[in-house]
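> With the sequence up front, the predicted model follows.
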Amino acid sequence: MTILLAITLAAAIQPTCSWDRPGQNPYTGGAAAAIDHYTDIPATVRGTLKRRMAEGQSDDQVNITRDGISGKNQYGAQIRDMHFGKNSVCGTVTRSKWAADRVEPAAVYCVGAHCVLVPKICGNVSRITRNAPAVAAAKQAADGAAADGNQHVIPDGIQQFDDTGLVDAPLREQSIELEPLEQAARDRTRRVLGGLNPPAEPNGGFGPGPRDQPGQPVAAPVPEPETWTMLLGGLGLVGWFARRRARAAAAVGDV
């Protein structure tokens, strides 16, 4: 009996059929029987598909054309395992003789990767493939949304500053410690502003030298040339006043 049933099913399944005239040979069996023919689908998935088809809970409403199947999701153009009449099943169906502008509506029921197509015109239960969303298309949509909103995705924990140029770019706070080299330069500046010529220092005054070490004598500062000029001028002026006073005293004595 089992062998006879297998032979009957094999005879009923056609490898390739033409679906050039939709509605001429509609499926007259039940939806549950059609789904049970798809033995490669797990039993639990078949049960869910049968229940949803009985309740009319479709996932998508699509349009079938000669070259494709369009809906809110993306589907492959091929239709397979289509039921005709009462017990006939075609592994592959073609619709190459359709006019380019012909459109046939249909309902799609999907559970995971398994999708069932039911055309409205004839109810020929069949199978199609739902394509996974293209990574490139998703990335392009994300890039377009970011460009429209002028948004940039920043990894967590990283602070971003807008590139506004060198003048008005925000500055990050930094703790700056005075280096020994900068301290030595500031010390030399103070001595020069005080009118002193710093003594010769090893290493050109950069870094510590003998004068900076504890217990070492420090050389006396040497006056600048301008200081010598002012000193000599002052001594000359003092001498002139002294001579003037001496002459005045001598004149008073003569009287």
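The structure has been received and is ready for your questions. Numbering: from 1, shown residues only.
> what about His37, neighbour count?
Using other Cβ atoms under 10 Å, His37 is surrounded by 17 other residues. From N, CA and C alone the C-beta is placed, and that goes for glycine too.
> quick one, what contacts it?
81, 83, 89 (Cβ atoms under 8 Å, 6 or more residues apart in numbering).
> Most neighbours out of the residues you listed, which is it?
His83 leads the contacts of His37 on contacts (other Cβ under 10 Å) with 26 neighbours.
> secondary structure element for that one?
strand 79-84 (DSSP states H and E).
> right, and the helix or strand after that strand?
strand 88-94.
> That next one pairs with which strands, parallel or anti?
Under the criterion DSSP bridges, strand 88-94 sits next to strand 13-18 (parallel), strand 79-84 (antiparallel) in its sheet.
> Of all the ones you listed, which one comes closest to Ala248?
strand 79-84 (136.5 Å; Cβ to Cβ).
> Using CSV, write down the CA coordinates of that closest one.
C-alpha atoms of strand 79-84 as CSV (Å, rounded to 0.1, in the frame of the first residue of the first chain):
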residue,chain,number,x,y,z
ILE,A,79,7.9,29.8,-8.1
ARG,A,80,8.2,26.1,-7.3
ASP,A,81,6.1,23.2,-6.0
MET,A,82,2.9,24.7,-7.3
HIS,A,83,-0.4,22.7,-6.8
PHE,A,84,-2.8,22.3,-9.7
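> for Val125, what are its contacts?
Neighbours of Val125 in contact, by Cβ under 8 Å, 6+ apart: 27, 31, 34-35, 82-83, 116-118.
> hmm, back to that, dump the contacts of His37 to TSV, plus pLDDT and distance to Trp240.
TSV is the format used below for these (pLDDT from 0 to 100; distance: Cβ to Cβ, whole Å):
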residue	pLDDT	distance to Trp240
Asp81	95	130
His83	94	135
Val89	93	136
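> Could you single out the nearest of those residues to Val238?
Asp81 (126.7 Å).
> Nearest residue to the closest one in space, please, no chain neighbours.
Leaving aside its sequence neighbours, Asp81 sits nearest to Arg127 (Cβ to Cβ, 6 or more residues apart in numbering; 4.6 Å).
> which residues touch whichever helix or strand that neighbour is part of?
If you go by DSSP H and E, Arg127 is part of strand 126-128. Residues outside strand 126-128 that contact it (Cβ under 8 Å, 6+ apart): 38, 69, 75-76, 78-83, 93, 108, 114-119.
> Could you rerun that using 6 Å?
75, 79-82, 115, 117 (Cβ atoms under 6 Å, 6 or more residues apart in numbering).
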